[in-house]
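J.: how would this look folded up:
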Amino acid sequence: MEKLFRLQEHGTNVRTEIMAGITTFMTMAYILAVNPSILSVTGMDPTAVLLATCLASFIGTLCMSLMANLPFALSAGMGLNAFMTYTVCLGYGYNWQTALLAVFIEGIIFLILSATKIREAIFNAIPMELKKAVSVGIGLFIAFLGLQNAGLVQGHPDTLVTLVDFRGSFSTAGICAVLALVGVLLTAILYIRNVKGAILIGIIGTWALGMICQLCGIYVPDGQGYHSLFPTMTMTDFTAIGKTFGQCFRVNFADVGIFNFIVVVFSFLFVDLFDTIGTLIGVSAKAGLLDENGRLPQVRPAMFADAIATTVGAVLGTSTISTYVESASGVGAGGRTGLTSLTTALLFLASMFLAPVFIAVPSFATAPAMILVGFLMFSTITDLRFSAEHLSSAIPAYLCILAMPLFYSISEGIAIGVISYVIINLACGKYKKINPVMYILAVLFILKYVFL
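T.: Below you'll find the predicted structure:
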């Protein structure tokens, strides 16, 4: 392990890395339930999507482990699966086979971009201030996702969001929100007291409290979003993968509008590219993996791993695979090397056999981990400088941070940050500090908003 992952060099050990890998998986396990649910709306077989998601996540995360030696995990990107279902298939009227073909082509383009160092150049061109801001913004975004998963935050027609009505639905949403709050306090106390595996213990402890509540009749499954917290042991139908495998190549091009199809491919490309770059920047900054120039030495193999996963995932039968922001939970638990991601990869592979167990982990149990990890990433804000001479960098950083949770997108936050950074520094006569690649990115982001 030491020879393969250089554990001592990164100040870690086997136990810490394995615990971190389990923690990352536990915070990501919801995708095994969510992805089949979303993609099945297009007519895809849910079991086939589940198997494809497990396999693609395993392959992508394994590549990240062995090629880049980074503690990052990959799986089907949230938002991109919804884009495929509700925009490409239901909105544009394409069948899911054509949508998978668009994902496959996007993956091939990513491989080419990675081979030509374009993605690496983009990563390195983003100034350190924005890289720090991305870490902070992702922290707020993760915390907001955690609040949603806990059921603490709900939609409201006037204020957009509001606090859950604890009393109105106490046996379902109310008690789940309470348990999530208890889990946050439990996880925070364990973390402050330097208990090893505090985040993972918080997840399991919150889940255990939920099962006790179910046994006592305090939590009542209603079968409509609130199911039993006890896992059921059933066999997985492995032959189902044949219903989606290779279907992306069975497309009748006569039925595909070329211009709209190109728009779809580049929509996938933009969102995946900058979601991945944002995640790598944010989590790497928090893990202390960036060098003194703000560069990630292993960024190129990390990009390759992401591109390979997307391409393989499309062939297997799932939407775009990307580097997961929930990897921050493993980093928060001490993960620093590819042993963390190797552990997560093996758990994704095992989940094909024990999917009911992993899917049974309720979202309110993983929410405390996400909320605490949000705090850990938010702490990077102290690295930003807000004095008068640094305002031309600080304000774009602030806009980047603000946009991520409020626009519900890492890539949108990067877009706002890049555009504002270029415009503000140009207008203030500080054009010498702008990397030439930043001009190109700003123009591309503006064109994206105009045409996509």
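
J.: And the spatially closest residue to Val325 that is not a sequence neighbour, how far from Cys176?
T.: In space, Val325 comes closest to Thr279 once its chain neighbours are excluded; the distance is 5.0 Å by CB to CB, 6 or more residues apart in numbering. Every residue, glycine included, has its C-beta placed from N, CA and C. Look at Thr279 and Cys176: by CB to CB, to the nearest Å, they are 27 Å apart.

J.: where does the stretch 201-350 of the chain have low pLDDT?
T.: Scanning the stretch 201-350 of the chain for pLDDT under 70 picks out 253-257.

J.: Counting residues, name the longest helix you see in this protein.
T.: Longest helix in the chain by number of residues, with DSSP state H as the criterion: helix 258-287.

J.: how deep is the residue nearest to Val325 tucked in, by neighbour count?
T.: 26 (other CB atoms under 10 Å).

J.: who's in contact with it?
T.: Residues near Thr279 by CB atoms under 8 Å, 6 or more residues apart in numbering: Phe72, Ile138, Ser322, Thr323, Tyr324, Val325, Ser327, Ile410.

J.: I'd like those laid out as CSV, including neighbour count.
T.: Formatted as CSV, these follow (neighbours: other CB atoms under 10 Å):
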residue, neighbour count
Phe72, 34
Ile138, 29
Ser322, 25
Thr323, 29
Tyr324, 28
Val325, 27
Ser327, 33
Ile410, 29
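
J.: Among these, which lie within helices?
T.: Counting by DSSP H, the contacts of Thr279 contribute Ile138, Ser327, Ile410 to helices.

J.: what sits against the residue nearest to the last one when sequence neighbours are not counted?
T.: In this case it means Ile410. Among residues not flanking Ile410 along the chain, Gly278 sits closest, at 3.9 Å (CB to CB, 6+ apart). Neighbour list for Gly278: Val134, Gly137, Ile138, Ile410, Ser411, Gly413, Ile414 [criterion: CB under 8 Å, 6+ apart].

J.: Nearest to Phe25 among these?
T.: Nearest to Phe25 among these, counting by CB to CB, is Ile138 at 19.0 Å.

J.: how far away is the nearest residue to the closest one once chain neighbours are set aside from Val134?
T.: Once flanking residues are discounted, Ile138 sits nearest to Gly282: 3.9 Å by CB to CB, 6+ apart. Going from Gly282 to Val134 by CB to CB gives 5 Å.

J.: which residues do these two both contact?
T.: Counting by CB under 8 Å, 6+ apart, the residues touching both Gly282 and Val134 are Ile410.

J.: quick one, phi/psi of the residue nearest to the spatial centre of the chain?
T.: Centroid-nearest residue in the chain: Tyr324, 3.0 Å away (criterion: CA atoms, centre = their mean). Torsion angles at Tyr324 (phi, psi; degrees, to the nearest 10) stand at phi -90, psi 130.

J.: Who are the contact partners of it?
T.: So Tyr324 contacts Thr24, Met28, Phe72, Ala73, Leu74, Ser75, Gly77, Thr279 (CB under 8 Å, 6+ apart).

J.: Try it again at 7 Å.
T.: When contacts are counted by CB atoms under 7 Å, 6 or more residues apart in numbering, Tyr324 touches Met28, Ala73, Leu74, Ser75, Thr279.

J.: Repeat that for Gly146.
T.: Gly146 touches Ala367, Met370, Ile371, Gly374, counting by CB under 7 Å, 6+ apart.

J.: Please apply the same query to Val264.
T.: Contacts of Val264 by CB under 7 Å, 6+ apart are Val88, Tyr92, Ala102.

J.: Out of those residues, which end up buried?
T.: The neighbour count (16 or more other CB atoms under 10 Å) marks Val88, Ala102 as buried among the contacts of Val264.

J.: Now, the contacts of Val264 that are in helices?
T.: Those of these lying in helices (DSSP H): Ala102.

J.: Same list (the contacts of Val264) but as TSV, adding distance to Asn194 and pLDDT.
T.: Output for those, formatted as TSV (distance: CB to CB, whole Å; pLDDT from 0 to 100):
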residue	distance to Asn194	pLDDT
Val88	47	83
Tyr92	52	77
Ala102	47	91
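
J.: Going by distance to Ser114, which of the contacts of Val264 wins?
T.: Distances from Ser114 to the contacts of Val264, taken by CB to CB, are shortest for Ala102, at 18.7 Å.

J.: Correct me if wrong: that closest one contacts Val263.
T.: No - with contact defined as CB atoms under 7 Å, Ala102 does not count as touching Val263 (9.6 Å).

J.: just checking, the residue nearest to Ile138 touches Met377?
T.: Yes - applying CB under 7 Å, one finds Gly282 in contact with Met377, separated by 6.4 Å.

J.: Overlap of the contact sets of these two?
T.: Residues touching both Gly282 and Met377 by CB under 7 Å, 6+ apart: Ser135, Ile138.

J.: Helices along the stretch 51-200 of the chain, start to end?
T.: Using DSSP state H, counting those that start in this stretch, the helices of the stretch 51-200 of the chain run over residues 80-82, 96-115, 118-125, 128-150, 175-192, 198-215.

J.: Quick check: closest non-adjacent residue to Glu17.
T.: Distances taken as CB to CB, 6+ apart put Leu339 closest to Glu17, at 3.8 Å, once the chain neighbours are dropped.

J.: and the one you found, how many neighbours?
T.: Neighbour count for Leu339, taken as other CB under 10 Å: 27.

J.: mind listing the helices for the stretch 351-452 of the chain?
T.: Taking DSSP H, counting those that start in this stretch as the criterion, the stretch 351-452 of the chain carries its helices at 355-359, 363-378, 391-407, 410-427, 436-451.

J.: out of those helices, which comes closest to Val14?
T.: Closest to Val14 of these, according to CB to CB: helix 363-378, at 21.5 Å.

J.: If you average the pLDDT over the closest one, what comes out?
T.: For helix 363-378, mean pLDDT rounds to 86.

J.: Show me what that helix is packed against.
T.: helix 14-28, helix 128-150, helix 175-192, helix 198-215, helix 258-287, helix 327-332 (3 or more CB pairs under 7 Å, 6 or more residues apart in numbering; DSSP states H and E).

J.: which helices and strands does the very next helix or strand once past the fifth one pack with?
T.: If you walk from helix 258-287 toward the C-terminus, the next helix or strand you reach (DSSP states H and E) is helix 299-316. Applying 3+ CB pairs under 7 Å, 6+ apart, one finds that helix 299-316 makes contact with helix 46-63, strand 74-76, helix 96-115, helix 118-125, helix 258-287, strand 321-323.
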